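Undergrad: next one to model:
(one chain, ligands or ions: 1)
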Amino acid sequence: MASTGTRLRRLAGIATVAATAAACTSLTPSVASSDRGGRPARDAVRRRIVDPNAAVPPRAVQESVLVGASSANPLDILVIGGGATGSGVALDAATRGLRVGLVEREDFSSGTSSRSTKLIHGGVRYLEKAVFNLDYGQLKLVFHALEERKQVIDNAPHLCHALPCMTPCFNWFEVVYFWMGLKLYDLVAGARLLHLSRYYSAQESVELFPTLARKGKDRVLKGTVVYYDGQMNDSRLNVGLACTAALAGAAVVNYAEVVSFLKDEVSERIIGARIRDNLSGQEFDTYAKVVVNAAGPFCDSVRKMAKADAPPMICPSSGVHIVLPDYYSPEGMGLIVPKTKDGRVVFMLPWLGRTVAGTTDSNTAITMLPEPHEDEIQFILGAICDYLNVKVRRTDVLSAWSGIRPLAVDPSAKNTESISRDHVVCEDYPGLVTITGGKWTTYRSMAEDAVNSAIRSGKLKPANECITDNLRLVGGEGWDPASFTVLAQQYVRMKRTYGGKVVPGVMDTAAAKHLSRAYGTFAERVAAIAQDEGLGKRLAHGYPFLEAEVAYCARFEYCESAVDFIARRSRLAFLDTDAASRALPRVIEILATEHQWDKSRKKQEEQKAKEFLETFKSLRNAQFHDGKHQ
Ligand SMILES: Cc1cc2nc3c(=O)[nH]c(=O)nc-3n(C[C@H](O)[C@H](O)[C@H](O)COP(=O)(O)OP(=O)(O)OC[C@H]3O[C@@H](n4cnc5c(N)ncnc54)[C@H](O)[C@@H]3O)c2cc1C
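TA: Here you go, the predicted model:
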């Protein structure tokens with residue numbers, strides 16, 4: 001525990017930064033509010049995105065655009081990586097009127113971007129550093145994160161929302177410290193504030209969060225401070241970015257991997273790439289004036305394709321999350337402990353009807369399928385157990401996953417000791433712009449910086465400036481939190497009985513709410529498939545995902561494999577590995593009809609999905625048979 005002198009210095013720091021913040025918030029213009037001269041372009045793109053009959057071009061058509069790009073007629077930009085960063089780059093560049101291609105070697109969001117904590121951070125932790133070190137640079141990071149937080153939520157309102165997070169305090173100093181700090185966060189947020197933070201007494205706190213323990217081993221809860229950050233459905237947001245980019249004209253192709261670069265024989269500048277289609281196994285060349293490397297944790301392996309001795313810029317660290325039943329946390333309130341006994345952050349957040357708890361921070365090797373270690377799962381269980389009055393059990397874990405943070409060091413920076421959580425853009429090989437680091441929350445401004453850099457590198461001629469600061473993603477325009485009521489009232493979900501008869505069933509509130517949140521204004525299309533094509537049955541007991549979603553995602557969201565659906569279009573694998581494996585046969589059956597798979601492909605899909613689920617620790621997770629918890 002800090003000494004009285006340290007405590008007073010901390011409080012004095014908060015007061016100083018509060019004064020600076022008050023001055024700065026009035027000076028910092030909101031980027032979102034400024035129109036950067038892109039209104040006609042934005043209106044044209046918006047019309048394409050909101051068109052109720054809009055459909056992304058089929059994958060084969062997208063690939064033919066890449067095959068058709070030649071050295072005489074190259075794309076402007078080829079993006080490597082279909083995570084949040086790469087998809088954001090493709091959207092930014094396409095909406096500036098540039099010719100864009102994007103290749104992702106697996107599925108959109110199959111890397112780190114589907115494995116995050118799902119928080120849209122306003123940078124509260126940078127604020128603490130700004131206070132302690134009186135560091136204006138850190139304060140600028142907070143302004144930046146707050147601005148981006150607001151834009152992410154505004155641009156995809158169906159997939160993002162404000163989430164109250166409770167911080168427990170066990171002495172009065174903590175109450176004052178967190179209250180002042182979070183009030184400062186409100187002040188710094190200014191117009192970008194989601195909701196005001198506030199103090200709750202111990203009694204009020206346990207009413208709001210019934211599983212919060214009032215008494216620990218040597219301590220008693222004095223109260224809590226609740227503040228707001230954003231929460232998202234990360235992989236659906238990522239797929240939404242890729243599909244919006246496709247509607248804006250980008251040729252985005254999943255299961256397409258860059259295997260080598262094409263260089264100009266004289267200047268040695270990169271002028272394109274050799275691509276392998278990982279579904280057909282065929283290879284082809286594509287040409288672009290600039291290549292943007294947005295391969296996340298893999299960006300060094302891409303840089304090494306350009307220059308074998310490229311110095312590494314990624315310092316990978318893995319983070320594990322576990323998913324627990326809904327009763328661990330109330331709906332609509334998270335719990336965040338900024339510092340546990342051993343100095344780590346732990347949290348429990350309600351997410352899609354279950355509770356996500358985490359996280360860890362350990363050194364790791366870079367792999368496409370990182371696995372949580374059993375001791376990491378046990379660490380999280382042990383850490384949350386100190387704050388709860390519910391018995392915390394390994395058998396309650398429904399799913400567990402690991403993700404790799406692409407923490408980046410700028411290879412051209414003089415001071416290599418700083419491993420920054422902010423992003424790095426560099427062109428350390430002619431024609432190859434690398435963008436990495438940063439956070440999900442700041443993907444949009446990272447993309448803007450990368451495209452600006454690509455424009456300079458390739459002397460490109462965009463039609464307009466960046467317009468993504470105020471551009472709704474597919475399904476977001478016209479969406480409203482009450483949109484689900486239309487589905488509940490106007491649609492039935494034709495469902496097949498166990499006897500095989502197709503009968504009308506109600507579109508119950510849970511299914512309507514889920515469809516509306518997951519697909520925005522396009523939820524009606526999914527509901528229509530459920531109603532008209534007899535695909536209204538739920539895929540797994542206890543979860544609102546419908547069969548119709550599989551068909552919809554195959555037709556309109558580039559869902560090419562069973563894992564794409566269980567992991568990234570729906571989130572079943574992340575929520576509950578047992579439910580995901582129970583849904584698997586039906587998911588494969590519907591995808592087989594959509595993509596005309598033969599028997600052997602179906603078997604292959606089943607095998608791959610089982611292997612994938614193993615990396616979510618499925619064997620040790622909770623299993624339900626005939627409704628009984630085993
Ligand atoms: C545990 C954890 C928790 C986090 N929580 C949060 C949070 O709550 N909020 C937040 O804002 N941020 C969070 N982050 C950070 C955030 O998730 C990442 O910064 C972000 O997802 C990185 O996206 P990316 O597109 O750069 O990388 P990725 O999502 O990894 O995408 C890179 C893609 O490149 C592809 N690729 C690689 N090589 C090739 C090739 N040769 N050809 C074609 N494609 C290729 C890969 O398949 C991959 O899909 C968290 C990160 C972790 C690990």
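Undergrad: what residues are up against residue 426?
TA: Residues near residue 426 by CB atoms under 8 Å, 6 or more residues apart in numbering: 313, 410-412, 433-434. All C-beta spots, glycine's among them, are computed from the backbone N, C-alpha and C.
Undergrad: who in the protein is up against the ligand?
TA: Residues of the chain lying close to the ligand (CB under 6 Å from any ligand atom) are 80-86, 103-106, 110-113, 115-119, 121, 257-258, 294-298, 302, 319, 359, 403-406, 436, 438-441.
Undergrad: residue ranges with poor pLDDT in the stretch 1-150 of the chain?
TA: Filtered on pLDDT under 70, the stretch 1-150 of the chain yields the residue ranges 1-38, 41.
Undergrad: all helices for it, in order.
TA: For the stretch 1-150 of the chain, the helices defined by DSSP state H, counting those that start in this stretch occupy 4-27, 39-50, 59-68, 84-94, 124-133, 136-155.
Undergrad: how many neighbours does the closest residue to residue 104 other than its chain neighbours have?
TA: Among residues not flanking residue 104 along the chain, residue 82 sits closest, at 2.8 Å (CB to CB, 6 or more residues apart in numbering). By other CB atoms under 10 Å, 34 other residues sit near residue 82.
Undergrad: before we move on, the earlier item: now for the helices of the stretch 1-150 of the chain, which one comes closest to residue 369?
TA: helix 84-94 (18.7 Å; CB to CB).
Undergrad: any idea how far that closest one is from the chain center?
TA: 14 Å (CA atoms, centre = their mean, to the nearest Å).
Undergrad: which residue packs closest to residue 608, ignoring adjacent ones?
TA: residue 563 (6.2 Å).
Undergrad: my error: substitute residue 590 in the last question.
TA: residue 550 (4.1 Å).
Undergrad: hey, where'd the helices end up in the stretch 501-630 of the chain?
TA: Going by DSSP H, counting those that start in this stretch, the stretch 501-630 of the chain shows helices at 509-519, 523-532, 547-556, 562-563, 572-575, 577-595, 599-614.
Undergrad: nearest to residue 281, out of these?
TA: Comparing the helices of the stretch 501-630 of the chain by CB to CB, helix 599-614 comes nearest, at 13.3 Å.
Undergrad: give the buried residues for that closest one.
TA: Going by neighbour count (16 or more other CB atoms under 10 Å), the buried part of helix 599-614 is 602, 605-606, 609, 612-613.
Undergrad: possible to save those residues as TSV with pLDDT?
TA: Shown next, in TSV, are those (pLDDT from 0 to 100):
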residue	pLDDT
602	98
605	98
606	98
609	98
612	96
613	96
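Undergrad: nearest to residue 333 among these?
TA: residue 613 (29.8 Å).
Undergrad: find the nearest non-adjacent residue to that closest one, please.
TA: That would be residue 577: by CB to CB, 6+ apart, it lies 5.1 Å from residue 613.
Undergrad: show me what contacts the one you found?
TA: 398-399, 613, 616-618, 621 are the contacts of residue 577 under CB under 8 Å, 6+ apart.
Undergrad: highest neighbour count among those?
TA: residue 399 leads the contacts of residue 577 on contacts (other CB under 10 Å) with 27 neighbours.
Undergrad: name the nearest residue to it, ignoring sequence neighbours.
TA: Per CB to CB, 6+ apart, closest to residue 399 is residue 323, 4.4 Å.
Undergrad: again with residue 66
TA: Per CB to CB, 6+ apart, closest to residue 66 is residue 286, 4.2 Å.
Undergrad: can you pull the buried residues of the one helix or strand residue 377 maps to?
TA: Assessed by DSSP states H and E, residue 377 sits inside helix 374-385. Buried residues in helix 374-385, counted by 16+ other CB under 10 Å: 376-377, 379-381, 383-384.
Undergrad: farthest pair in those?
TA: 376 and 384 (13.1 Å).
Undergrad: any common contacting residues for these two?
TA: Between them, residue 376 and residue 384 share no contacting residue, judged by CB under 8 Å, 6+ apart.
Undergrad: would TSV of the buried residues of helix 374-385 with distance to residue 544 and pLDDT be doable?
TA: Putting the buried residues of helix 374-385 into TSV (distance: CB to CB, whole Å; pLDDT from 0 to 100) gives the following:
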residue	distance to residue 544	pLDDT
376	30	92
377	27	94
379	31	92
380	26	94
381	27	95
383	30	92
384	26	94
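Undergrad: nearest to residue 217 among these?
TA: residue 383 (13.9 Å).
Undergrad: is it true that the closest one touches residue 344?
TA: Yes. Counting by CB atoms under 8 Å, residue 383 touches residue 344, with 6.9 Å between them.
Undergrad: give the closest residue to residue 83 in space, chain neighbours not counted.
TA: residue 113 (3.9 Å).
Undergrad: tell me the contacts of that neighbour?
TA: 83-85, 234-235, 238, 296, 440.
Undergrad: ok, now with 7 Å
TA: Residues in contact with residue 113 (CB atoms under 7 Å, 6 or more residues apart in numbering) are 83-84, 234-235, 238, 440.
Undergrad: highest neighbour count among these?
TA: residue 84 (33 neighbours).
Undergrad: show me what contacts that residue?
TA: 113, 238, 241, 440, 443.
Undergrad: and the residues you listed, which of them are in helices?
TA: Filtering the contacts of residue 84 for membership in helices, criterion DSSP state H, returns 238, 241, 443.
Undergrad: for residue 533, state which of the residues you listed is nearest.
TA: Nearest to residue 533 among the ones in helices among the contacts of residue 84: residue 238, at 27.1 Å, using CB to CB.
Undergrad: pretty sure that closest one sits against residue 108.
TA: Yes. Applying CB atoms under 7 Å, one finds residue 238 in contact with residue 108, separated by 5.6 Å.
Undergrad: any residues in contact with both of those two?
TA: Common neighbours of residue 238 and residue 108, using CB under 7 Å, 6+ apart, are residue 87.
Undergrad: my read: residue 551 touches residue 535, true?
TA: Yes. Taking contacts as CB under 7 Å, residue 551 lies within contact range of residue 535: 5.9 Å.
Undergrad: with neighbour numbers in mind, choose between the two.
TA: Between residue 551 and residue 535, residue 535 has the larger neighbour count (other CB under 10 Å), namely 23 against 20.
Undergrad: so what's that one up against?
TA: 529, 546-548, 551.
Undergrad: now, which of the contacts of residue 426 lie within strands?
TA: 433-434 (DSSP state E).
Undergrad: which among the contacts of residue 426 count as buried?
TA: Counted by 16+ other CB under 10 Å, these give 313, 410-411, 433-434 as buried.
Undergrad: rebuild the ones in helices among the contacts of residue 84 as JSON lines, extending it with pLDDT.
TA: Below are the ones in helices among the contacts of residue 84 laid out as JSON lines (pLDDT from 0 to 100):
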{"residue": "238", "pLDDT": "98"}
{"residue": "241", "pLDDT": "98"}
{"residue": "443", "pLDDT": "97"}
